[in-house]
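1. here is a sequence together with a model predicted from it:
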Amino acid sequence: MRVFDADARARELTRSDPAILTAIREAFGAAVFDDNGQLQRPALRSIVFADPDKRKTLEAILHPAIRRTWLELARNVREQDGNPWLAVDIPLLFETAAESHFDKIIVVACSPQTQMSRLMDTRHITPGLAGSMIASQLPLAEKIGRADFVVWNDGAREAVEAQADLLALHLLS
């Protein structure tokens, strides 16, 4: 099985793609770059989650390149012999209207408290910024309602892995 992670691809693009970095510099200015020309993601994050228009500007820069990558990967996987699988992790799947490209939609969900805590812990951000990031997405209840399957990710890693194993067995049967 192949796996694609949209957030990881976004990080790659904002580290090393000259066209993406130029577009970001043109849209947001030099203030989001350090003295060595490296994008300062926290500075950019603060800007885009404070202003929905600026978030849309960044999405217009990144999303087409990310989509091209997973569409090409999907074409390659489909051309393989046997029964190849491709799992695509796209946090903004519904927001980018990409769900029609997939056979099955799995939403990995957790409580709002867990989501806030994880965002603040992993990205070292304030509760206000974490709340803005969550608010920029489709409400969780709507995502769950549009999913074929839901994996609940509020507990221990082992519990999520057990759900994933059961789901894989179901999908393979």
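-> Arrived safely.

2. can you give me phi and psi for the most centrally placed residue in the chain?
-> Nearest residue to the geometric centre of the chain (Cα atoms, centre = their mean): Pro91, 3.4 Å. Backbone geometry at Pro91, expressed as degrees, to the nearest 10, gives phi -60, psi -30.

3. again, but for Gly155
-> Dihedral angles (degrees, to the nearest 10) for Gly155: phi -110, psi -150.

4. and it, how far is that from Cys110?
-> Gly155 is 9 Å from Cys110, where distance means Cβ to Cβ, to the nearest Å. In this view, the C-beta of every residue, glycine as well, is placed from N, C-alpha and C.

5. which residue packs closest to Arg11, ignoring adjacent ones?
-> Arg41 (7.8 Å; Cβ to Cβ, 6 or more residues apart in numbering).

6. what about that neighbour, how many neighbours?
-> Counted by other Cβ atoms under 10 Å, the residues lying close to Arg41 total 14.

7. pLDDT score assigned to it?
-> Looking at Arg41, its pLDDT reads 95.

8. surely it is in contact with Thr14?
-> Yes - counting by Cβ atoms under 8 Å, Thr14 is a contact partner of Arg41 at 6.8 Å.
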